[in-house]
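*Asks:* sequence plus predicted model, see below.
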Amino acid sequence: MDLEKFTDDVYTVAEKLTNGHTPEIKSRINFVRERLIELYKKNLVKINHSVLEMICAANLISHGYTVDIEKQLSNILVCDVFATKGDGTFIMEIETGFTPPDHALDTIDYYVARISSKIARYSQHCSKFALATPVVGILPIPKLFLQPPSDRKIEEVQRIKNLVDRFYKNPPIEIDDILNARLHSVYLINIDKGFAKQLDPYTYLDLTEKLQDASELDL
């Protein structure tokens, strides 16, 4: 653990993100910065993921949200970014495409299951739920989650549940969790330039569908 290096890095990122903003926005972004430093002292965060959280947090703060990071939602769930504005709540989970070595031979299935599990579990705890990813990655989002619950066929829901159950059994996901899950937006993170761009899920899938088809992803 190198606290001095971590602190220098998040201060550098915060300075870039606060440039040109009002004192109030700067204060809110700096709150996220200090929160990350405290979490790093407890060995709960790493610099690469922290940079992504700061960029996403700054985007939401600039749009009037009050933001916290690494917020405990339940005894098993901690979300990356939690934001509030008025009576609304917003949760964002950041995905980098990492899969553990244990799943070197079923990486795609594992990642689809991970994405599906997150949409189903986290969207229960907020008014709006979003996924975020660096621009260099592709999120394999099942098209099921873009359909209204009333249009979701039970056999498709069951297929997603079976896939998730292969990798996440404690606790198991419920059919209703998948049936009622919601994905409101996808954020593309440009790390080098320090900004995140919001897309609706339909636009995102349109952009990535040809690449998914070329990879023969059956989502």
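*Replies:* Here it is on my side, so go on.
*Asks:* contacts and neighbour counts: CA atoms only from here.
*Replies:* Noted.
*Asks:* what mean pLDDT does the longest helix seen in the chain have?
*Replies:* Of all the segments of type helix in the chain, defined by DSSP state H, the longest one is helix 23-41. Averaging pLDDT along helix 23-41 gives 97.
*Asks:* again with stretch 129-141
*Replies:* 94.
*Asks:* between the two ends of that stretch, how far is it?
*Replies:* 13 Å (CA to CA, to the nearest Å).
*Asks:* contacts for stretch 182-196?
*Replies:* 13, 16-17, 51-52, 55-56, 59, 119-120, 123, 128-135, 145-146, 197-201, 204 (CA atoms under 8 Å, 6 or more residues apart in numbering).
*Asks:* filter those to the buried ones?
*Replies:* Those of those that meet the buried threshold are 13, 17, 51-52, 55-56, 59, 119-120, 123, 128-134, 145-146, 198-199, 201, 204, by 16 or more other CA atoms under 10 Å.
*Asks:* and stretch 129-146, how far from the chain's centre?
*Replies:* 9 Å (CA atoms, centre = their mean, to the nearest Å).
*Asks:* in helices, which of the contacts of stretch 182-196 fall?
*Replies:* Members of the contacts of stretch 182-196 lying in helices (criterion: DSSP H): Val13, Lys16, Leu17, Val51, Leu52, Ile55, Cys56, Asn59, Ile119, Ala120, Pro201, Tyr204.
*Asks:* you'd agree the fourth one is up against Thr12?
*Replies:* By that I understand Val51. No - contact between Val51 and Thr12 fails when scored by CA atoms under 8 Å: they sit 10.1 Å apart.
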